[in-house]
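Enquirer: Turn this into a structure:
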Amino acid sequence: MLNIREAAPGDVEGLRELYLDHRNLTKTPPKQTHGLAAWSGLLEEFIADPGYHLLVGELDGRVVSSVTLIVIKNLTHNLSPYALIENVVTHCDFRNRGFASALMDAASQIAREADCYKIMLMTGSKQESTLRFYERCGFDRNAKTGFLKKLD
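Expert: Predicted structure coming up:
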């Protein structure tokens with residue numbers, strides 16, 4: 001059974017493996033891989049930030065899926081915050097088991113509890129199956145127009 005929880009410092013190696021395996025995150029492997037110490041330092045910063053929620057799905061002690069939810073304070077919408085979801089990743093050997101859906105539900109619950117009025121999500125995927133997955137999670141691909149400006 002999948003255990004869903006906030007990431008802990010001991011998850012750094014599992015998260016690094018999950019994100020750096022190019023079959024899980026992107027079609028091409030990253031150009032640069034930072035050492036474990038850099039990953040550990042950044043993970044500690046995430047854990048310390050009350051608006052940053054790095055959720056992991058753990059199966060038999062192994063991190064097999066993750067979702068990042070960031071709650072952002074806001075001056076509009078009666079000062080209601082909004083949330084952003086990024087890095088929806090499931091290890092390729094554990095896909096199609098409902099793990100990402102369960103993590104997305106958990107992230108949505110955190111956003112509700114934080115009184116967020118919306119959750120935004122962007123994906124670089126053009127695969128119809130991925131887009132339908134996000135729609136099944138309650139996202140509307142036609143509700144907004146997204147833009148991206150790469151800075152690298």
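Enquirer: what helix or strand does residue 89 sit in?
Expert: Using DSSP states H and E, residue 89 maps to strand 82-90.
Enquirer: Counting by contacts, list what that strand packs against.
Expert: Applying 3 or more Cβ pairs under 8 Å, 6 or more residues apart in numbering; DSSP states H and E, one finds that strand 82-90 makes contact with helix 12-20, helix 22-25, strand 62-72, helix 99-113, strand 119-121. Heads up, the C-betas are built off the backbone N, CA and C, glycines and all.
Enquirer: show me where pLDDT drops low in this protein?
Expert: 22-33 (pLDDT under 70).
Enquirer: if you set the cut-off to 80 instead, what comes out?
Expert: Of all residues in the chain, those with pLDDT under 80 make up the ranges 21-34, 152.
Enquirer: how about the residue of the chain most remote from its centre, secondary structure?
Expert: Here the chain reaches farthest from its C-alpha mean at residue 78, the gap being 26.5 Å by Cα atoms, centre = their mean. On the three-state scheme (DSSP: H, G, I helix; E, B strand; the rest coil), residue 78 is labelled helix.
Enquirer: Now do the contacts for it.
Expert: With contact set as Cβ atoms under 8 Å, 6 or more residues apart in numbering, residue 78 has no partners.
Enquirer: since we're on residue 40, how many residues are nearby?
Expert: Residues near residue 40, counting by other Cβ atoms under 10 Å, number 15.
Enquirer: got the contact list for it?
Expert: By Cβ under 8 Å, 6+ apart, the contact set of residue 40 is 9, 12.
Enquirer: so how far is residue 13 from residue 36?
Expert: The gap separating residue 36 from residue 13 is 7 Å, by Cβ to Cβ, to the nearest Å.
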